[in-house]
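S.K.: quick check, what structure comes out for this input:
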Amino acid sequence: MNFSEVFKLSGLLCKFSPDGKYLVSGGGRARGVETLTRSRVARSGLSSVWAADGPSAGVGSPTLSEGGEYVLFPFSFPLRITVWSLCTKSVSYIKYPKACQQGITFTRDGRHMALAERRDCKDYVSVFVCSDWQLLRVRPGHADTTLTGEGMWAPNGCVLAVWDTCLEYKVLLYSLDGRLLSAFCAYEWSLGVKSVAWSPSSQFLAVGSYDGKVRILNHVTWKMITEFGHPAAVSNPKTVVYKEAQKSPKLGLGRLPFPPPRATSESKYEIASVPASLQTLKPLTDRANPKIGVGMLAFSPDSYFLATRNDNVPNAVWVWDMQKLRLFVVLEQLSPVRLFQWDPQQPRLAICTAGSKVYLWSPAGCVSVQVPGEGDFPVLSLCWHCSGDSLALLSKDHFCLCFLETEEGVSLAVRQRDSHT
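M.R.: Next up is the predicted model:
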């Protein structure tokens, strides 16, 4: 495993293009955009720089079109989205976007984009053709639903899932031609949907809720087939529980160096005996956005596994076997899990906890890797390259690339997966 040099970053704005040729990063007080070719990162190869076109136009989180030809940026004022072409350097604008974190979603083939809009005090979901950014159709929100603007296309591009605010549990499923296929509601009079994820095969839709459960919907009837809970103790003997253990380095006898070296600590995973208790966090229910419920979930690229995080068990990552519909592995970290993401090519999960380490899990096992460099490099976020051979590790003001050896252990991981399923 090798690491590149460190590059400057602003606002955690960094993402690979879908074709893997470019790396988009924000710089200059989050008011500009830089694109670097990945093959030239080691030589600080800067491809292009754009700047915001207004003195008060703050740049939001960037979104790359699925084909990697366009960069979309929402602006705080005026309320619009700017579309920059990486090929022709042309600029287009889209009006009426709704202020939300996940209001833009693309089909996997890159032909269509769904956007949450707010027109005349009403919520809409608009579908655009990405080749010329023409409006294809506008779908009004359900009569009893106030759209948060969060939606997600199925990987096959045939179904769009849109969900309500956290105040009400409702998931709407639309076909590409605008028909409402189903409306799913698990319960009423309580906080509702917190996270949603499609399986890469489009066969399952996982819905994480504030009650600490994940509900799995099937693609035939759009009914729930099972639900996964997140108890504070793991009692199933078939479930493997990995716990991170930290050891401080032993100082040798003799003369101590001056100045003293930067304090580092080794970390490894230990298999805990079952039943195993997990660290829980008592939520403050009298405050806004309580730390409860399933706030993060993601399917592996082969749809074999589902990774989840229950926010009031913040140090644990739960990995579920989607063939047997049972808990497969639990990984408990020393610090709260900030983000996890699957390798796009194989069932390998990368985890970061805002520390100076990155963690990798696969059916073959798990490992903790220290990020080298001078000073601290807290990994606040990460993203995979489409080939699965590298990771972008993001700190507050810097980022670097982590290059992995892809051939080693891939066949072993697949054999381990098949032996457990």
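S.K.: name the SS class of the residue nearest to the spatial centre of the chain, please.
M.R.: Residue closest to the average C-alpha location in the chain (Cα atoms, centre = their mean): Gln341, at 5.7 Å. The three-state label given to Gln341 by DSSP: H, G, I helix; E, B strand; the rest coil is strand.
S.K.: use 22 as the first number from now on
M.R.: Sure thing, new numbering starts at 22, so read that last one as Gln362.
S.K.: skipping its backbone neighbours, what lies nearest it in space?
M.R.: For Gln362, ignoring the flanking residues on the chain, the nearest one in space by Cβ to Cβ, 6 or more residues apart in numbering is Ala371 at 5.5 Å. For every residue, glycine as well, the C-beta is placed using N, CA and C.
S.K.: list the contacts for the one you found?
M.R.: Ala371 makes contacts with 361-364, 379-381, 403, 405, 412, as judged by Cβ atoms under 8 Å, 6 or more residues apart in numbering.
S.K.: how about a cut-off of 10 Å?
M.R.: Contacts for Ala371 (Cβ atoms under 10 Å, 6 or more residues apart in numbering) come out as 360-364, 379-382, 390, 400, 403-405, 412, 414, 423, 425.
S.K.: now swap in Leu414 and tell me
M.R.: So Leu414 contacts 24-25, 27, 35, 371, 373, 377, 379, 390, 392, 398-404, 420-423 (Cβ under 10 Å, 6+ apart).
S.K.: mind running it again at 8 Å?
M.R.: 373, 379, 392, 398, 400, 403, 420-423.
S.K.: do the same with Leu318
M.R.: Taking Cβ under 8 Å, 6+ apart, we find Leu318 in contact with 216-218, 227, 229, 235, 327-330.
S.K.: between those, which is closest to Tyr263?
M.R.: Ala328 (13.2 Å; Cβ to Cβ).
S.K.: number of residues surrounding the closest one?
M.R.: Ala328 is flanked by 25 other residues according to other Cβ atoms under 10 Å.
S.K.: biggest separation within the contacts of Leu414, which pair?
M.R.: Comparing the members of those, the greatest separation, given Cβ to Cβ, is between Cys373 and Leu422, at 14.4 Å.
S.K.: look at the two and report which has more neighbours.
M.R.: Taking neighbours as other Cβ under 10 Å, Cys373 and Leu422 compare with Cys373 leading, 25 against 21.
S.K.: beta partners of the more buried one?
M.R.: Beta bridges link Cys373 to Leu360, Val379, judged by DSSP bridges.
S.K.: hang on, the earlier thing: is it true that the residue nearest to Gln362 lies in a strand?
M.R.: Yes - under three-state DSSP, Ala371 falls within a strand.
S.K.: quick one: which helix or strand includes Ile237?
M.R.: strand 234-239 (DSSP states H and E).
S.K.: what residues sit buried inside the very next helix or strand once past that strand?
M.R.: Note on strand 234-239: by DSSP H and E, the next helix or strand toward the C-terminus is strand 245-250. Buried residues in strand 245-250, counting neighbours by 16 or more other Cβ atoms under 10 Å, are found at Phe249.
S.K.: could you check the angle strand 234-239 makes with strand 245-250?
M.R.: 160 degrees (axes from the mean of the first three to the mean of the last three Cα atoms, to 10 degrees).
S.K.: restricting to C-alpha, output stretch 189-201 in CSV.
M.R.: Extracted in CSV, the C-alpha atoms of stretch 189-201 (Å, rounded to 0.1, in the frame of the first residue of the first chain):
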residue,chain,number,x,y,z
GLU,A,189,-43.2,11.3,8.5
TYR,A,190,-42.4,7.8,7.2
LYS,A,191,-43.1,7.6,3.5
VAL,A,192,-41.2,6.2,0.5
LEU,A,193,-42.6,6.8,-3.0
LEU,A,194,-41.5,4.7,-6.0
TYR,A,195,-42.0,6.1,-9.5
SER,A,196,-41.4,4.5,-12.9
LEU,A,197,-39.4,6.4,-15.6
ASP,A,198,-42.7,7.4,-17.3
GLY,A,199,-44.0,9.1,-14.2
ARG,A,200,-46.3,6.4,-12.7
LEU,A,201,-46.5,6.0,-9.0
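S.K.: now the contacts of Leu414 as CSV including secondary structure?
M.R.: Listed next are the contacts of Leu414 as CSV, based on three-state DSSP:
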residue, secondary structure
Cys373, strand
Val379, strand
Val392, coil
Phe398, coil
Val400, coil
Leu403, strand
Phe420, strand
Cys421, strand
Leu422, strand
Cys423, strand
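S.K.: okay, now the unreliable bits of the stretch 322-442 of the chain?
M.R.: Applying pLDDT under 70 to the stretch 322-442 of the chain flags residues 395, 427-442.
S.K.: and the strands in it, which stretches?
M.R.: Applying DSSP state E, counting those that start in this stretch to the stretch 322-442 of the chain gives strands spanning 326-331, 337-342, 347-353, 360-363, 370-373, 378-383, 386-391, 402-405, 411-415, 419-424.
S.K.: what helices or strands is the fourth one leaning on?
M.R.: By that I understand strand 360-363. In terms of contacts (3 or more Cβ pairs under 8 Å, 6 or more residues apart in numbering; DSSP states H and E), strand 360-363 is packed against strand 315-320, strand 326-331, strand 370-373, strand 402-405.
S.K.: reformat those as JSON lines; add distance to His251.
M.R.: Formatted as JSON lines, these follow (distance: least, Cβ to Cβ, whole Å):
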{"stretch": "strand 315-320", "distance to His251": "7"}
{"stretch": "strand 326-331", "distance to His251": "4"}
{"stretch": "strand 370-373", "distance to His251": "17"}
{"stretch": "strand 402-405", "distance to His251": "23"}
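S.K.: contacts only, for the residue nearest to Ser222 when sequence neighbours are not counted.
M.R.: Excluding its sequence neighbours, the residue lying closest to Ser222 (Cβ to Cβ, 6+ apart) is Ser324, at 4.5 Å. Taking Cβ under 8 Å, 6+ apart, we find Ser324 in contact with 220-222, 224-225, 343.
S.K.: and those, which of them are buried?
M.R.: Neighbour counting with 16+ other Cβ under 10 Å marks 220-221, 224-225, 343 as buried within the contacts of Ser324.
S.K.: export the contacts of Leu318 to CSV and tack on distance to Val146?
M.R.: Shown next, in CSV, are these (distance: Cβ to Cβ, whole Å):
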residue, distance to Val146
Ser216, 19
Val217, 15
Ala218, 19
Ala227, 21
Gly229, 21
Val235, 24
Leu327, 26
Ala328, 28
Thr329, 26
Arg330, 28
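S.K.: ok, Val45 touching Cys35?
M.R.: Yes - using Cβ atoms under 8 Å, Val45 is in contact with Cys35, at 6.9 Å.
S.K.: all set now, cheers.
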